[in-house]
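Chemist: After the sequence you'll find the predicted model.
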Amino acid sequence: SAVISQKPSRDICQRGTSLTIQCQVDSQVTMMFWYRQQPGQSLTLIATANQGSEATYESGFVIDKFPISRPNLTFSTLTVSNMSPEDSSIYLCSVEDQGSYGYTFGSGTRLTVV
Amino acid sequence: DAKTTQPTSMDCAEGRAANLPCNHSTISGNEYVYWYRQIHSQGPQYIIHGLKNNETNEMASLIITEDRKSSTLILPHATLRDTAVYYCIVGLKTSYDKVIFGPGTSLSVIP
């Protein structure tokens, strides 16, 4: 199975600041996916990141708020910009696992905005 | 919107089989049924998937009805560690198909 290293695991940030979350995969993958999980809720897809092209955002998410980089086939970052307390969530990245045909998820970044 | 419906919550006695149902009446012919679970404070974990045949692996069994409109995930001998939220998802077998999560079923395994 693919192994994802996601950093940081948690952070407490001041409102108005930005946080960049990193995901490193131990194998090359075509697509990487970023999710948000608000407290007590299910996962919501933010965007899909394909190497070498602009990320594709889901309804309700915009690039100015959640810029994504995908510089190569093993790495991606998600930035949460100009944070407010409503951005307090767990953010997760995901990739397809070529071995099992399922998707592997990172352990998540627990963000608290104060 | 998610293409599946699941009960909000279920209880299961430790050591007994846990049977988690899922309805996916609008599934198309080339879509698979996937199951994931999320243990508290962890990322979701892939469990099993199937197209139309029943499937079994070391974690669980997946029973898909003949018309493919519903399925059941079976944990044969539930343990306390199986307490988690279980998500039933339908989708294509390709990395280009995004995974859309519904609310899932919160399974509590009771001693």
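Modeler: That came through fine. Numbers count the residues shown, from 1 in each chain, chains lettered A, B, ... in the order given.
Chemist: pLDDT score for whatever residue of chain B ends up closest to chain A?
Modeler: Nearest residue of chain B to chain A (C-beta to the nearest C-beta) works out as residue B:46 at 2.9 Å. From N, CA and C alone the C-beta is placed, and that goes for glycine too. We note a pLDDT of 91 for residue B:46 in this prediction.
Chemist: do the same with the one 4 residues further on
Modeler: Residue B:50 is assigned a pLDDT of 93 by the prediction.
Chemist: ok, it touching residue B:64?
Modeler: Yes. Using C-beta atoms under 8 Å, residue B:50 makes contact with residue B:64 at a distance of 5.4 Å.
Chemist: Could you tell me which residues make contact with residue A:7?
Modeler: A:21-22, A:24, A:109 (C-beta atoms under 8 Å, 6 or more residues apart in numbering or on different chains).
Chemist: And the furthest pair within those?
Modeler: Pairwise distances among those were taken by C-beta to C-beta; the largest, 13.0 Å, belongs to A:24 and A:109.
Chemist: of the two, who's got more company?
Modeler: Comparing residue A:24 with residue A:109 by other C-beta atoms under 10 Å in any protein chain shown, the one with more neighbours is residue A:109, at 23 against 15.
Chemist: Apart from its neighbours in sequence, what residue is nearest the residue in chain A positioned nearest to chain B?
Modeler: Per C-beta to the nearest C-beta, the residue of chain A with the smallest distance to chain B is residue A:102, at 2.9 Å. Once its chain neighbours are removed from consideration, residue A:102 has its nearest residue in residue B:46; the separation is 2.9 Å (C-beta to C-beta, 6 or more residues apart in numbering or on different chains).
Chemist: If that neighbour is in a bridge, with which residues?
Modeler: Residue B:46 has the following beta-bridge partners by DSSP bridges: residue B:36.
Chemist: What is the neighbour count of it?
Modeler: For residue B:46, the count of nearby residues is 19 (other C-beta under 10 Å).
Chemist: next one: residue B:84
Modeler: Residues contacting residue B:84 under the criterion other C-beta under 10 Å number 21.
Chemist: on that earlier part again, pull up the overlap in contacts between residue B:50 and residue B:64.
Modeler: Counting by C-beta under 8 Å, 6+ apart, the residues touching both residue B:50 and residue B:64 are B:33, B:71.
Chemist: Could you show which parts of chain B are in contact with chain A?
Modeler: Residues of chain B found near chain A, taking C-beta under 8 Å from any C-beta of the partner chain as the criterion, are B:34, B:36, B:41-47, B:49, B:85, B:87, B:93-96, B:98-104.
Chemist: try 7 Å
Modeler: Where chain B comes near chain A, counting by C-beta under 7 Å from any C-beta of the partner chain, the residues are B:34, B:42-44, B:46, B:49, B:93, B:95-96, B:98-104.
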